[in-house]
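> give me coordinates for this.
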Amino acid sequence: MCDSLRSNAYHRLLSLLTIFALSICFISCSAKPDPSTLVMVIESSPTNLDPRVGLDAYSERIDELIFDDLCTRDEHLNVQPGLAERWDIPDPLTYVFHLHSGVHFHDGRPLASRDVKWTFDSLLQGKVRSTKAAAYHLVDRIDAPDDSTVVFHLKEPFATLLWNLSGGAVGIVPYGSGDEISRHPIGSGPFRFVSAEPDKEVVIERNDDYWGEKAHLHRVRFAVVPDATTRALELRKGSADIAMTSLAYDAVLTLERESNLEVLRGPGTVLGYLAFNTREPILKDPRVRQAVAYAIDRTAIIHYLFRDFARPAYSLLPPESWAYNADVPQYDHNPDRARQLLEQAGYPAVNGVRFHLTIKTSIDENPRLVAAVLQQQLREVGIALDIRTFEFATFLSDIIRGAYQVHTLRWVGGNEDPDIFEYVFHSAKFSPHGGNRTYYANPRVDALIDQARREVDQQVRKQIYIEIQRLVADDLPYINLWYLDNVMVHTKRVQGLTLNPAGNYDFLKTAQLAP
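Predicted coordinates for the structure are as follows:
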């Protein structure tokens, strides 16, 4: 098994290189931070801090600290009150939100219903150009009958509305805000914007007038450090305080031995998966797809490639989701069963090979290593897997066009809401018109997805999604491989840290710096 992944010699060499790299002190490393400022290293700058526009992880996670949403999400990905202290659903087409009183924007203006209405009207009416508007296409109009009440009127029942109003989806901006918000964000959140310099840093500070529980940190500086080795060095020197899921796993294990550092890890929701083009002649047969699943040894890959910083996945949804179904077919490693299914499907081995498949992936190191391991594991059951790597934009373009047989990718955040089944597996969402890039079609699944989107009662919705997950696990257009852990490396001067499965930056709301 070890030989099928990476040799022991490679492991020893990699560990030695990591230790050597971390022992070097680069002149470029910055000085120790201000005692009242927490420095967090991130891989790249946020693309846009207007919460109506920014889609990348860094934009959304920093926006969550500056802006408040109508709703929030708990550790089980349930929607909870935010700016809206409560809401009523008098009928499936009407959602009435009641706002907290005494909320102010960072410039002192009171936050009222007209600000909420403006935030979403500016999206729906095209006053700001953003792909986020698509999430609200079923909103007919928004009313603000008084300062503390906002009413969303829908064109048709849309159970996902609450999710699309929560957890960093779209923070509330002041009435009349245009694109200037991207340059100088003004929100009502626990931190206020101070400054930003592209490819260098974003600085925020505590909002002392926050309406909710106030942050303990005086100031946070997000330092943009693209190179993973340099991020590790900054932590080792104490020039940075936190790196969140942005270091190589071998580097994490090395830094764990540093006396001034600690490693905090927890279950994450980022899903690694393998997808089939079900239009391909060989892959039309679900027995072939199931055979591939049985041929894959997730446990070995998680141990040797991810250094156990992951857990096996058996659904598109993470186990933390209220809609998760653990009682589905699970294709644990079973090469004999894989060979049996391939024989039944009419693919006998000829000189050890039954057929060829091509897997496409990006040129990044981790996807290439995963593809190489899959190649060796599938060879054991007679499938010759050819690997093709591409620069990411080219790779993704091919996937969207359906120009592939098998590919590997990740879901980051999108798989936390069960409505993802509509985007990924509904036959009306064939790529490029949606995210169904496997061209999977099952009329029963379509009907259940449509029913779940109209159903307001969460317990009823849960039963529907349980059935959807069972059917999809039988048909297997995807092989769900693993959920990656959230891994934080931090200096010991930072206290009060917690992790949540979504991997956002909520921990900065409770963190403290030791004297």
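
> and stretch 190-200, what's its mean pLDDT?
The average pLDDT within stretch 190-200 is 96.

> for that stretch, buried residues please.
Pro190, Phe191, Arg192, Phe193, Ala196 (16 or more other C-beta atoms under 10 Å). In this view, the C-beta of every residue, glycine as well, is placed from N, C-alpha and C.

> what's downstream of the longest strand seen in the chain, the next helix or strand?
Determined from DSSP state E, the single longest strand within the chain is strand 261-276. Later in the chain than strand 261-276, the nearest helix or strand by DSSP states H and E is helix 286-295.

> which helices and strands sit right next to that following helix?
In this structure, helix 286-295 packs against strand 261-276, helix 335-344, helix 365-379, strand 383-390, helix 458-475, strand 478-491, with contacts taken as 3 or more C-beta pairs under 8 Å, 6 or more residues apart in numbering; DSSP states H and E.

> using CSV, write down the CA coordinates of the longest strand of the chain.
This file holds the C-alpha atoms of strand 261-276, laid out as CSV (Å, rounded to 0.1, in the frame of the first residue of the first chain):
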residue,chain,number,x,y,z
LEU,A,261,3.0,27.5,18.2
GLU,A,262,-0.1,25.4,18.6
VAL,A,263,-2.2,23.6,16.0
LEU,A,264,-6.0,23.6,16.2
ARG,A,265,-7.9,21.3,13.9
GLY,A,266,-11.6,20.4,13.4
PRO,A,267,-13.9,18.8,10.9
GLY,A,268,-14.4,20.9,7.7
THR,A,269,-17.0,20.9,4.9
VAL,A,270,-14.7,21.3,1.9
LEU,A,271,-15.4,18.2,-0.2
GLY,A,272,-13.1,16.5,-2.6
TYR,A,273,-14.9,14.5,-5.3
LEU,A,274,-14.4,12.5,-8.5
ALA,A,275,-17.0,13.1,-11.2
PHE,A,276,-18.0,11.0,-14.3
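
> what lines up beside that strand in the sheet?
With DSSP bridges as the test, strand 261-276 is paired with strand 406-411 (antiparallel), strand 478-491 (antiparallel).

> turn the ones you listed into TSV, including mean pLDDT, mean neighbour count and distance to Ser259.
Listed next are the strands paired with strand 261-276 as TSV, based on pLDDT from 0 to 100; neighbours: other C-beta atoms under 10 Å; distance: least, C-beta to C-beta, whole Å:
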stretch	mean pLDDT	mean neighbour count	distance to Ser259
strand 406-411	95	21	34
strand 478-491	96	24	11
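
> adding distance to Asn500, write the ones you listed out as JSON lines.
Conversion of the strands paired with strand 261-276 to JSON lines gives the following (distance: least, C-beta to C-beta, whole Å):
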{"stretch": "strand 406-411", "distance to Asn500": "17"}
{"stretch": "strand 478-491", "distance to Asn500": "8"}
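
> and of the buried residues of stretch 190-200, the nearest to Arg52?
Phe193 (15.3 Å; C-beta to C-beta).

> the helix or strand harbouring that closest one - contacts with which helices or strands?
Phe193 is located in strand 191-197, with elements delineated by DSSP H and E. Secondary-structure packing of strand 191-197 (3+ C-beta pairs under 8 Å, 6+ apart): helix 57-66, strand 201-206.

> out of those, deepest packed?
Highest mean neighbour count among the helices and strands packed on strand 191-197 (mean count of other C-beta atoms under 10 Å): helix 57-66, with a mean of 23.

> which SSE is immediately downstream of that one?
Assigned by DSSP H and E, the successor of helix 57-66 is strand 71-73.

> and that next one, what does it pack against?
strand 79-81.

> what lies in contact with the strand it packs on?
Residues from elsewhere that reach strand 79-81 (C-beta atoms under 8 Å, 6 or more residues apart in numbering): Cys71, Thr72, Arg73, Asp74, Leu162, Trp163, Leu165, Ser166.

> just stretch 213-227 next, same as before
30, 33-34, 36-45, 58, 62, 65, 190-191, 194, 199-208, 231, 234, 240, 496, 508-513.

> how close does Asp285 get to Arg354?
Using C-beta to C-beta, to the nearest Å, Asp285 is found at 12 Å from Arg354.

> neighbour count winner among those two?
Neighbours of Asp285 and Arg354, each counted by other C-beta atoms under 10 Å, are more numerous for Arg354; the result is 22 against 17.

> my guess is that one meets Gln344, correct?
No - look at Arg354 against Gln344 with C-beta atoms under 8 Å: they stay out of range, at 12.0 Å.

> so which bits of stretch 151-165 are buried?
Here stretch 151-165 shows Val151, Phe152, Leu154, Phe158, Ala159, Thr160, Leu161, Leu162, Trp163, Asn164, Leu165 as buried, counting by 16+ other C-beta under 10 Å.
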